[in-house]
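Asker: compute the structure for the input listed below.
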Amino acid sequence: MDNSSTKPSRILIVEDDPKIAALLADYFVASGYLVECLADGISALAQIRQDAPDLLLLDLMLPGLDGLELCKQVRTFSQLPIIMLTAKVDEIDRLLGLESGADDYVCKPFSPREVVARAKVHLRRHSADAGRQNTPAAMAANSPATPRFVVDHAQMRILIDATALPLTPVEFRLLGELISHPDRVYSRQQLLDFAHEDQRDINDRTIDSHIKNIRKKILSRLPDSDYLQSVYGVGYRFELPF
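Answerer: This next block holds a predicted model:
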């Protein structure tokens, strides 16, 4: 169980294979979590809008509304941790899952214990990010010397000119780290380690995918900007705007 709260965390499993859903539910219940299972994307979206869980386990292939589209729609109003379940092991499918707003992916067949362990990591991280104090001192310590970009840890958001960017939790951590250390060059591996502390085997192309999404979101607010700089052969840096 997530020890950051006295209340057990609520897990929503959206999986149309009843055997897989029941297996996962059994392992999460045995670990002390509250679990609900749904078998289609449309019902899941309605449920999340009405009463969002603490973490979403989401199958890629679903009737009614597939996992990718459901993930994208959830990200328009919620930053809850999302782990994608998929039988597709092709790298492009993995990156598509992450670009849709998922925090993590697990390929079938998988170990239920591993899924529970990954969920614990994301719940703990999400709780820690949300629990940081939103004080002027903390804001100043985590933001560059510019009014354009502000990192707000208490609400897990980054503001550009006082307007929040629609970032996923992983994107928030990556951009927040880059903004907090302007002009510092980060290798892809450093960013990968920062984004995914559980050290699982993920290709560093995943970081490129995240950076691509973050750039698009910044450009939607600041056209012609180029604050996220690629450093050839190394990685990325955030160039302080003036």
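Asker: could you find the closest non-adjacent residue to Asp17?
Answerer: Spatial nearest neighbour of Asp17, chain neighbours left out: Asp59 (7.5 Å); criterion: CB to CB, 6 or more residues apart in numbering. C-beta coordinates here come from the backbone N, C-alpha and C atoms, glycine included.
Asker: who does the one you found form a beta bridge with?
Answerer: According to DSSP bridges, the residues that bridge with Asp59 are Leu85.
Asker: ok, it - contacts?
Answerer: By CB atoms under 8 Å, 6 or more residues apart in numbering, the residues touching Asp59 are 14-17, 20, 67, 84-86.
Asker: need those residues in JSON lines with neighbour count and distance to Ser43, can you?
Answerer: Below are those laid out as JSON lines (neighbours: other CB atoms under 10 Å; distance: CB to CB, whole Å):
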{"residue": "Val14", "neighbour count": "28", "distance to Ser43": "8"}
{"residue": "Glu15", "neighbour count": "24", "distance to Ser43": "12"}
{"residue": "Asp16", "neighbour count": "15", "distance to Ser43": "11"}
{"residue": "Asp17", "neighbour count": "14", "distance to Ser43": "16"}
{"residue": "Ile20", "neighbour count": "19", "distance to Ser43": "17"}
{"residue": "Gly67", "neighbour count": "24", "distance to Ser43": "13"}
{"residue": "Met84", "neighbour count": "26", "distance to Ser43": "18"}
{"residue": "Leu85", "neighbour count": "25", "distance to Ser43": "17"}
{"residue": "Thr86", "neighbour count": "22", "distance to Ser43": "20"}
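Asker: helices of this protein, start to end?
Answerer: 18-30, 41-50, 67-74, 91-99, 112-130, 136-141, 169-180, 188-195, 205-221 (DSSP state H).
Asker: out of those helices, which comes closest to Gly233?
Answerer: Set against Gly233 and scored by CB to CB, those come closest in helix 188-195, at 10.3 Å.
Asker: and the residue nearest to Asp17, how close does it get to Arg75?
Answerer: According to CB to CB, to the nearest Å, Asp59 stands 17 Å off from Arg75.
Asker: hang on, the earlier thing: which one of the helices of the chain lies nearest to Asp152?
Answerer: The minimum distance between Asp152 and the helices of the chain falls on helix 136-141, with 6.7 Å, by CB to CB.
Asker: shaky segments in this structure?
Answerer: Across the chain, the ranges flagged by pLDDT under 70 are 1-6, 89-98, 128-147, 196-204, 240-242.
Asker: domain ranges for it?
Answerer: Per the TED database, the structural domains of the chain span 10-129, 149-238.
Asker: deepest of those, which one?
Answerer: domain 10-129 (a mean of 18; mean count of other CB atoms under 10 Å).
Asker: and that domain, how far from the chain's centre?
Answerer: 11 Å (CA atoms, centre = their mean, to the nearest Å).
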